[in-house]
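Asks: Here is a sequence with its predicted model. Questions after.
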Amino acid sequence: MEKINFKNRIRLSFTEDRDFSFFLLVGFLSGIAGGINATIFNNYLNDVYHLAADVRGFVELPRELPGLLIVIVLGLLSFLGDIRMAAIGMLAASLGVLGLGVFSPGFNVMLAWMMLFSLGTHIFMPLSASIGMSLSKQEAYGSRLGRFSAYSLTATIIGYGIVWTGFRFFHMTYPIAFVIASVFYCLAAFVLTTMHRKETKIRRVRFVFRKRYTLYYCMSVVNGARKQIFLTFAPWVLIQIFHLDAPTFAILGIIIATVSIISRKIVGNAIDRLGERKVLSLEAVLLVAVCMGYAFAADLVPLSIAVVIIAVCYILDNSMSAVEMARSTYVKRIALDPADVMPTLSAGVSFDHIVAMTIPILGGLLWKSMGYQYVFMAAALIGVLNLILSLQIRIPDQIGSKTPEQKVMDETNR
C-alpha cells in the first residue's frame, strides 16, 4: 500500500507540475495579446473616434459592465469547472478584440465588441488566481502567482515589441494589431483545454455575505475606484496633453514589463514573508505619491520635464499592479471553506466594477470642468482611504488549529 501511495503521489505531483507549466504558457500567450491591446487601445480611441475626456470616461461604463456582472456569469457557467470557464474567457477575448479591429464600422458597434472582449478578460481575471493557487501549496501561493505574473509580463514585452516594430517600420495599422492579439488569445484558450488537472467545480455564486470577508469587499471597492482613474485617465493625459503615440506607449510598456518582472517576483515573495498587510499598505503610500506627481508635475516644472515625471508615474503605477496578488492570497488565507475562494474573488471583482463604471464618468466631467489635475487629487484621497483599510488586515490562525469556541464564532459570522 505504501508503494502504491508513493506512486500515486509521484503521479499527482507530475500532473500538477505539468498543468502548472501549461498554465504558465497560458499566461505567456495571453500576455502577448494583452500587451498589444493595452498599447494601442487608448490611441485607437483617440485617433479613430477623436473622443473628448468626458466621452472617454463614458466609454468605461460599457467596458466595465461585464466586470459588474461577472458573479452572475460565473454562476451560470459554474457547471463547466474553472479551467473550461477560463478557456471560454480567452475565446471571448479573442473574438472581441478581432471585432474591434475588423468589424467596427461605427462607434456603437465598437462598444459592443469592446464589451465582449471585456467579458472574456473579466471571466479569466478571478479564475487565473484561483487556478494558480489550486496548483500550489499554501506556503507558496504568493511565489506561484508571482511566477505566473512574471511569465505574463515577460510576454507583454513581446506584445509591446510587436506594436513598436510594426508601427515604426512596417506601417502596421490598428486592425492588423488587433488581429494578431486575437490569435494569441485563441492559442491561450486552446492550451487551457489541454490541461489534465481535475476540474474544480465552482458552486453557484450567491450573495451570501460573510462578515469574515467584509474587509476584502471594502478594499475591492476602494481599489477599483483608484485603479480605474489610473487606467482611464493616466494614458489620456499622456495622449491629449503631451501627445504620445502608440510606439511611444510601446516603449513605456517595455519598461513597465521589465520593471514588473522583477517587482512581481519581489511582491510574491514579500507576500509570503511579510504578509498582505505590509505589502498592501506600502502600495497605498506609493500610489498617493504617484497621484501627486500626475496632478502637479506640469504646474511645477517645464512641460519637457513634466512629461518625463508623468511618464515615470505611469511606469510606477502600472508596475505596482502586481500587488493585486496580495488581495487574492488574503482571501485564500482567511477562507473558512476552500470553495469560498473563487466566489469571493469574483464577487470582489464585481464590487470593484460597481465604482469602476461610475468613477470614470465623474472623472471625465471633473476633467472637463476643472482640469485633469483635480482628477488625480481625488485619486490621492482614495489612496489614503486604501491605506486605512490595508492597515486593518489581520490574518487569523488556520481554521484547523482553532478552538471549538473560535470555530463556533466563525460559523456565527457566516
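Replies: Right, received. Where do you want to start?
Asks: Please name the residues that touch Leu45.
Replies: Taking CB atoms under 8 Å, 6 or more residues apart in numbering, we find Leu45 in contact with 51, 56, 59. The way it works is simple: take the backbone N, C-alpha and C, and place the C-beta from them, glycine included.
Asks: thought the last one was touching Leu111?
Replies: It refers to Val59. Yes: contact criterion CB atoms under 8 Å: Val59 and Leu111 qualify, at 7.3 Å.
Asks: Comparing the two, which residue is more hemmed in?
Replies: More crowded of Val59 and Leu111, by other CB atoms under 10 Å: Val59, with 20 against 16.
Asks: Show the pLDDT at that one.
Replies: Per-residue pLDDT puts Val59 at 93.
Asks: Please apply the same query to Ser130.
Replies: Predicted confidence (pLDDT) for Ser130: 74.
Asks: so who does it touch?
Replies: Counting by CB under 8 Å, 6+ apart, Ser130 makes contact with 82, 200, 341-342, 345.
Asks: Okay, and which of those map to helices?
Replies: In helices, defined here by DSSP state H, the members of these are 82, 341-342, 345.
Asks: Turn those residues into a markdown table, including distance to Ser260 and pLDDT.
Replies: Output for the ones in helices among the contacts of Ser130, formatted as a markdown table (distance: CB to CB, whole Å; pLDDT from 0 to 100):
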| residue | distance to Ser260 | pLDDT |
| --- | --- | --- |
| Asp82 | 25 | 84 |
| Val341 | 25 | 79 |
| Met342 | 25 | 73 |
| Leu345 | 21 | 79 |
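Asks: Can I get the buried part of those as one ChimeraX selection?
Replies: To isolate the buried members of those in ChimeraX, using 16 or more other CB atoms under 10 Å:
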select :82,341,342,345
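Asks: Now do Thr154 against Tyr174, distance only.
Replies: 25 Å (CB to CB, to the nearest Å).
Asks: just Val331 next, same as before
Replies: With CB to CB as the criterion, Val331 and Tyr174 are 38 Å apart.
Asks: Counting neighbours, go ahead and name the busier of the two.
Replies: Val331 (26 against 18).
Asks: Please name the residues that touch the more buried one.
Replies: By CB under 8 Å, 6+ apart, the neighbours of Val331 are 213, 216, 340-341, 344-345, 348.
Asks: quick one: it from Ile158, how far?
Replies: Per CB to CB, Val331 is found 31 Å from Ile158.
Asks: so where does Val285 fall, helix or strand?
Replies: helix 276-300 (DSSP states H and E).
Asks: which element follows that helix toward the C-terminus?
Replies: helix 303-319.
Asks: from the middle of its chain, how far away would that next one be?
Replies: Relative to the mean C-alpha coordinate of its chain, helix 303-319 is positioned 21 Å out (CA atoms, centre = their mean, to the nearest Å).
Asks: likewise stretch 63-78?
Replies: Worked out by CA atoms, centre = their mean, stretch 63-78 lies 15 Å from the chain centre.
Asks: sorry, back to before: which two among the contacts of Val331 are spaced furthest apart?
Replies: Using CB to CB, those span at most 11.6 Å, a distance reached by Asp340 and Gly348.
Asks: more neighbours, the two?
Replies: Taking neighbours as other CB under 10 Å, Asp340 and Gly348 compare with Gly348 leading, 25 against 20.
Asks: what pLDDT, on average, does stretch 352-369 get?
Replies: Here the average pLDDT along stretch 352-369 is 86.
Asks: pull the CA atoms of it into PDB?
Replies: Output in PDB follows, covering the C-alpha atoms of stretch 352-369 (Å, rounded to 0.1, in the frame of the first residue of the first chain):
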ATOM      1  CA  ASP A 352     -14.700  46.700  -7.800                       C
ATOM      2  CA  HIS A 353     -16.600  47.300 -11.000                       C
ATOM      3  CA  ILE A 354     -19.600  49.000  -9.400                       C
ATOM      4  CA  VAL A 355     -17.400  52.000  -8.800                       C
ATOM      5  CA  ALA A 356     -15.300  51.300 -12.000                       C
ATOM      6  CA  MET A 357     -18.400  52.100 -14.100                       C
ATOM      7  CA  THR A 358     -19.200  55.400 -12.400                       C
ATOM      8  CA  ILE A 359     -15.800  56.900 -11.400                       C
ATOM      9  CA  PRO A 360     -14.600  57.500 -15.000                       C
ATOM     10  CA  ILE A 361     -17.800  59.300 -15.800                       C
ATOM     11  CA  LEU A 362     -17.300  61.600 -12.800                       C
ATOM     12  CA  GLY A 363     -13.600  61.900 -13.600                       C
ATOM     13  CA  GLY A 364     -14.300  62.900 -17.200                       C
ATOM     14  CA  LEU A 365     -16.800  65.600 -16.000                       C
ATOM     15  CA  LEU A 366     -14.300  66.800 -13.400                       C
ATOM     16  CA  TRP A 367     -11.500  66.900 -16.100                       C
ATOM     17  CA  LYS A 368     -13.800  68.900 -18.400                       C
ATOM     18  CA  SER A 369     -15.000  71.400 -15.800                       C
END
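Asks: residues making contact with that stretch?
Replies: Residues contacting stretch 352-369 (CB under 8 Å, 6+ apart): 52-61, 64-65, 67-68, 70, 122, 220-221, 223-225, 227-229, 232-233, 374-375, 378.
Asks: run the last query once more with 7 Å
Replies: Residues from elsewhere that reach stretch 352-369, judged by CB atoms under 7 Å, 6 or more residues apart in numbering: 53-54, 56-58, 60-61, 64-65, 67-68, 220-221, 223-225, 228-229, 232-233, 374-375, 378.
Asks: May I see the PyMOL selection of the buried members of those?
Replies: A single PyMOL command is used to select the members of the contacts of stretch 352-369 judged buried by 16+ other CB under 10 Å:
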select buried, resi 53+54+56+57+58+60+64+65+67+68+220+221+223+224+225+228+229+232+233+375+378
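Asks: Can you report how many residues neighbour Arg63?
Replies: 23.
Asks: Spit out the contact partners of it.
Replies: 114-115, 118.
Asks: still on that earlier bit, return the set of buried residues in the helix holding Val285.
Replies: 276-284, 286-288, 290-295, 297-298.
Asks: Number of residues surrounding Ser350?
Replies: Neighbours of Ser350 using other CB under 10 Å come to 26.
Asks: just checking, it touches Leu74?
Replies: No: look at Ser350 against Leu74 with CB atoms under 7 Å: they stay out of range, at 9.5 Å.
Asks: hmm, back to that, in strands, which of the contacts of stretch 352-369 fall?
Replies: With DSSP state E as the criterion, strands contain none of those.
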